[in-house]
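**Student:** The sequence and its predicted three-dimensional model are supplied below.
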Amino acid sequence: MNVGTMTIKSRRSVRKYKPTKIAPYVIQDVLDCGRLAPTAKNLQPWLFGAVTDQDLLRQIAELTDNAPFIADATVCFAVFGRPDETYYLEDCAAATMSMIIALQNLGLGSCWVAGDKKPYAGAIRDLLRVPSEYSLVSLIPAGAPAEIANPPKKRLEEVSFLDRYTEKTS
Ligand SMILES: Cc1cc2nc3c(=O)[nH]c(=O)nc-3n(C[C@H](O)[C@H](O)[C@H](O)COP(=O)(O)O)c2cc1C
């Protein structure tokens, strides 16, 4: 396994963080990995936020319905897209994953937290004073991992095929 695939395969969502500081250049680097993700027609219809203020982190955590751990993150990235662009969701999902992998590569844990389709998306956008033409697609709380879960994954044979799909009997 090479270093790239090892980084990707070893990633798991982290929801407990140590109170370790993260250098500003690391935060910039992760934002930059989002910026450089692919987008349909290269439109780049997005905006990336990095929240480090503890009071804002707490308010974001309280607004979400299943991510109280954001309050204890060292930083929470927020990915916003322009819904008037057809592929904004795919674009922002690609950026989210690039940022999560960048964090993993830096030894930092993170967790994709839903933004799109969530009732709190507008409130978080307003809290961060993001213009209304953008909509929240994802939140990425991150920090030094204090605990890493290992949820079960389907086997490769169950979820993949080569050339043409054939029904499995057992
Ligand atoms: C679109 C999306 C939304 C998610 N939203 C949440 C969330 O709101 N809260 C949370 O704790 N985890 C969330 N997750 C993380 C998943 O629960 C996690 O990826 C899944 O359980 C598999 O675990 P793993 O990431 O460790 O492989 C989300 C993941 C994705 C891809």
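**Tutor:** That came through fine.
**Student:** Please identify which helix or strand holds residue 146.
**Tutor:** strand 135-147 (DSSP states H and E).
**Student:** Quickly check: that strand near the ligand or not.
**Tutor:** No: between strand 135-147 and the ligand, judged by Cβ under 6 Å from any ligand atom, nothing touches; the nearest distance is 6.8 Å. C-beta: built from backbone N, CA, C; applies to glycine.
**Student:** quick one: strands adjacent to that strand?
**Tutor:** Strand pairing for strand 135-147, using DSSP bridges, gives strand 16-18 (antiparallel), strand 75-81 (antiparallel), strand 109-110 (antiparallel), strand 113-114 (antiparallel).
**Student:** Give me the mean pLDDT for that strand.
**Tutor:** The average pLDDT within strand 135-147 is 98.
**Student:** just stretch 78-87 next, same as before
**Tutor:** The model assigns stretch 78-87 a mean pLDDT of 98.
**Student:** buried sites along that stretch?
**Tutor:** Buried positions in stretch 78-87, judged by neighbour count with 16 or more other Cβ atoms under 10 Å: 78, 79, 80, 81, 82, 85.
**Student:** Could I have the CA atoms of the helix or strand where residue 28 lies written out in CSV?
**Tutor:** Assigned by DSSP H and E, residue 28 belongs to helix 24-35. Output in CSV follows, covering the C-alpha atoms of helix 24-35 (Å, rounded to 0.1, in the frame of the first residue of the first chain):
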residue,chain,number,x,y,z
PRO,A,24,-2.8,28.7,11.3
TYR,A,25,-0.8,27.4,8.3
VAL,A,26,-2.3,24.0,8.7
ILE,A,27,-5.8,25.5,8.6
GLN,A,28,-4.9,27.4,5.5
ASP,A,29,-3.5,24.3,3.9
VAL,A,30,-6.7,22.4,4.5
LEU,A,31,-8.8,25.2,3.1
ASP,A,32,-6.4,25.2,0.1
CYS,A,33,-7.1,21.5,-0.5
GLY,A,34,-10.8,22.3,-0.7
ARG,A,35,-10.1,25.1,-3.1
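**Student:** now the angle between strand 135-147 and the very next helix or strand once past that helix, please.
**Tutor:** As assigned by DSSP H and E, the chain's next helix or strand after helix 24-35 is strand 46-51. Computed by axes from the mean of the first three to the mean of the last three Cα atoms, to 10 degrees, the angle separating strand 46-51 from strand 135-147 equals 40 degrees.
**Student:** Many thanks, I have nothing further to ask.
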